[in-house]
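Student: Any chance you could fold what I've pasted below:
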Amino acid sequence: MRVTLLAFGLLRDHLPNPAGSLELPAGATVRDLLERCRALAPANAAPWSSIAVAVNQEYVPATHPLADGDEVALLPPVSGGSGKAKQAQTQASQASTPNIALTHYSIEPSAITRFLKRGEDGAVVLFDGIVRNNSRGRRTLHLFYEAYEEMALAQMHRLAAQALADYAIRDLAIVHRLGRLDIGETSVVIAVSSAHRAAAFDACRWLIDTLKQTVPIWKQEFFEDGAVWAQGDPFPPELTPHPAKPHKPAATPLSKKPAPKKISAKTVKSRKPERAR
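Tutor: Residues are numbered from 1 along each chain as shown. All right, here's what the predicted structure looks like:
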């Protein structure tokens, strides 16, 4: 059977054919596909134990059986987030509502806040993620965000639905920028409106933390001396096909204790009890 393979982030740099078809035997599983990809990539080039796999835009375990025509995406840990989705779909999302969107254009946080406000709201909490000029002691020139766009949008809609169900909030918006971003530009905005501030704060924090772990968006950092893919937050264990096993330190060999000295019956008999002092 033949499946379509998509690789993102640093995986795309290490696979010889990161976007193409792959022949697999009938009955192959996700685990079989990963073993094939591992054999194609340079040794120790990718964090295979920490990646997630999506089949037809849904996270799946290693035991998931593959079928002819499946679209299989290899997803390194996400870092908050150009995929190959149709630009028309992204623009349509912007045109219909700014609530949930991926965009290649500048984001205006104040415009999103104004859109959310209603008379019944007592608070609007806004998270505005911006590009800073340094990372791990190095001067940052600019960033580049890449996404598995169709799946990222679907995951963002799921997060929004879960937040609206789990928190006492009225409305929210999630907008993420893709492509090149310069220093000071907004990369992601999450805004939450509610009658009371506590629920808005809690929902906003949950949304950004969960987005950073589960939505397939990756960040490439450009420095004066080169570029690297950012080490993203690890996927939750339930989303990885084969979560890394916890490291167990090597057992330290026990030192041998000297054998106890044998006391002869003669020696025991010769001992005299000590007098109490």
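Student: so where's the stretch 1-150 of the chain shaky on pLDDT?
Tutor: For the stretch 1-150 of the chain, the stretches flagged by pLDDT under 70 are 18, 44-46, 79-98.
Student: What segments of it are strands?
Tutor: Here the stretch 1-150 of the chain has its strands, by DSSP state E, counting those that start in this stretch, at 2-7, 19-23, 52-55, 58-59, 71-75, 100-103, 123-130, 134-135, 138-147.
Student: The last one packs against which elements?
Tutor: Going back to what we said before, that points to strand 138-147. With contacts taken as 3 or more Cβ pairs under 8 Å, 6 or more residues apart in numbering; DSSP states H and E, strand 138-147 sits against strand 171-177, strand 179-182, strand 217-223. To be clear about C-beta, it is placed using only N, CA and C from the backbone, and glycine gets the same treatment.
Student: thinking again about what came up before, could you export the strands of the stretch 1-150 of the chain as TSV, including mean neighbour count and distance to Leu211?
Tutor: Output for these, formatted as TSV (neighbours: other Cβ atoms under 10 Å; distance: least, Cβ to Cβ, whole Å):
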stretch	mean neighbour count	distance to Leu211
strand 2-7	18	20
strand 19-23	12	24
strand 52-55	21	15
strand 58-59	16	15
strand 71-75	22	14
strand 100-103	21	11
strand 123-130	18	10
strand 134-135	12	19
strand 138-147	18	12
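Student: on that earlier part again, and the helices and strands packed on strand 138-147, which is most packed in?
Tutor: strand 171-177 (a mean of 24; mean count of other Cβ atoms under 10 Å).
Student: for the helices and strands packed on strand 138-147, which one sits closest to Pro76?
Tutor: The closest of the helices and strands packed on strand 138-147 to Pro76 is strand 217-223. By Cβ to Cβ, the value is 6.8 Å.
Student: quick check: angle from that closest one to strand 71-75?
Tutor: 50 degrees (axes from the mean of the first three to the mean of the last three Cα atoms, to 10 degrees).
Student: quick one: strands adjacent to strand 217-223?
Tutor: Using DSSP bridges, the strands paired with strand 217-223 in its sheet are strand 138-147 (antiparallel), strand 226-229 (antiparallel).
Student: Tabulate the helices and strands packed on strand 138-147 (TSV), appending mean pLDDT.
Tutor: Putting those into TSV (pLDDT from 0 to 100) gives the following:
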stretch	mean pLDDT
strand 171-177	97
strand 179-182	97
strand 217-223	94
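Student: Nearest to Tyr59, out of these?
Tutor: Across the helices and strands packed on strand 138-147, Tyr59 has its closest neighbour in strand 217-223 (14.7 Å, Cβ to Cβ).
Student: that older thread, adding distance to Asn99, write the helices and strands packed on strand 138-147 out as TSV.
Tutor: As requested, the helices and strands packed on strand 138-147 are exported to TSV (distance: least, Cβ to Cβ, whole Å):
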stretch	distance to Asn99
strand 171-177	5
strand 179-182	21
strand 217-223	17
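Student: Out of the ones you listed, which gets nearest to Glu146?
Tutor: Among the helices and strands packed on strand 138-147, strand 217-223 comes nearest to Glu146, with 5.0 Å by Cβ to Cβ.
Student: which residue is nearest the middle of the protein?
Tutor: The residue lying closest to the centre of the chain (Cα atoms, centre = their mean) is Val78, at 3.2 Å.
Student: List the contacts of that residue.
Tutor: Contact analysis of Val78 by Cβ atoms under 8 Å, 6 or more residues apart in numbering lists Lys212, Gln213, Thr214, Val215, Pro216, Ile217, Trp218, Gly232, Asp233, Phe235.
Student: which residues touch the residue nearest to Pro47 when sequence neighbours are not counted?
Tutor: Nearest residue to Pro47, sequence neighbours excluded (Cβ to Cβ, 6 or more residues apart in numbering): Pro76, at 6.5 Å. Residues near Pro76 by Cβ under 8 Å, 6+ apart: Phe8, Gly9, Leu10, Leu11, Ala46, Pro47, Ser50, Ile51, Trp218, Trp229, Gly232.
Student: Settle this for me: the third one is touching Gln231, isn't it.
Tutor: It refers to Leu10. No - judged on Cβ atoms under 8 Å, Leu10 makes no contact with Gln231 at a distance of 9.2 Å.
Student: pLDDT weak spots in the stretch 151-277 of the chain?
Tutor: 232-234, 242-277.
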